[in-house]
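**Q** what follows is a predicted protein model with its sequence.
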Amino acid sequence: MRLALYTGIILAGGYAGLTPALAADPTGDWRVADGVANIRVAQCNGSMWGAVSWEKQPGGRDENNPDVSKKNRPTLGMATLIDMKKTAGAEQWEGQVYNAKDGQMYSATITPVGTDQLEIKGCVLGFLCGGETWTRVGPPIPLSTASATAKGAPKTTGAAPKAAAPGAAAPAPTAAAPKSVTAAKPGQKGAADPVGDICLLPEIAGFAH
């Protein structure tokens with residue numbers, strides 16, 4: 001039985017320029033088999049996690065979740081690959097996957113195939129297994145610094161400007177730094193990337209689903 005997995009969405013087209021050295025890296029943005037969503041996979045606190053990073057039809061809700069309190073939560077930014085650990089001696093990660101199509105959790109594995117494909121397989125109680133292949137649409141994502149950021153650390157502030165000496169000419173105003181017009185990269189939250197670093201999402205940061 002083919003296990004259909006709902007996750008995020010991405011713009012059509014593959015990602016060029018990947019090298020063989022990245023073959024075993026499951027991080028990055030992946031287009032699901034039916035093209036309805038894109039899943040961003042990143043390493044958070046030693047495990048692989050995946051979350052919906054783009055939807056073909058915006059505004060999705062987790063309406064099939066058996067937990068009534070979650071039925072109205074947005075599917076954008078929702079965790080789908082849950083706490084996946086590296087399998088010893090294999091380029092494979094295993095954990096759980098959340099299937100929003102039926103609101104159920106399944107045991108699952110993810111396995112990179114070459115540089116541009118990710119195989120995901122899920123099983124119910126060890127049988128009725130199925131899977132699909134996702135296509136890479138974004139480059140691997142560097143290890144998140146979210147877990148290394150100390151909470152409550154004092155913010156760095158600039159020194160107070162010195163008062164000008166009497167009679168001295170006022171300093172010439174400096175030109176404002178130009179605003180970036182480039183699209184945000186995976187892991188960088190912005191208008192073009194509303195999800196950003198998935199390790200900072202409350203659902204993943206709190207290890208809860």
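**A** That came through, no problem.

**Q** which pLDDT does the model give residue 142?
**A** On pLDDT, residue 142 comes in at 90.

**Q** residues near it, how many?
**A** 11 (other CB atoms under 10 Å). Placement of C-beta: from N, CA and C, glycine included.

**Q** what secondary structure does it sit in?
**A** Put simply, residue 142 is coil when judged by DSSP: H, G, I helix; E, B strand; the rest coil.

**Q** gap between it and residue 107?
**A** 29 Å (CB to CB, to the nearest Å).

**Q** next: residue 53.
**A** Taken as CB to CB, the span from residue 53 to residue 107 is 23 Å.

**Q** lowest-confidence helix or strand of this structure?
**A** Sorting the helices and strands of the chain by mean pLDDT, DSSP states H and E puts strand 127-136 at the bottom, at a mean of 90.

**Q** how about it as CSV, C-alpha atoms only?
**A** Taking C-alpha atoms only, strand 127-136 is exported to CSV below (Å, rounded to 0.1, in the frame of the first residue of the first chain):
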residue,chain,number,x,y,z
PHE,A,127,3.4,-3.9,8.4
LEU,A,128,1.2,-2.3,5.7
CYS,A,129,4.3,-0.4,4.6
GLY,A,130,4.5,2.0,1.8
GLY,A,131,6.6,4.9,0.7
GLU,A,132,7.4,7.5,-2.0
THR,A,133,10.4,9.4,-3.3
TRP,A,134,10.8,13.1,-2.8
THR,A,135,12.8,15.4,-5.2
ARG,A,136,15.4,17.9,-4.0
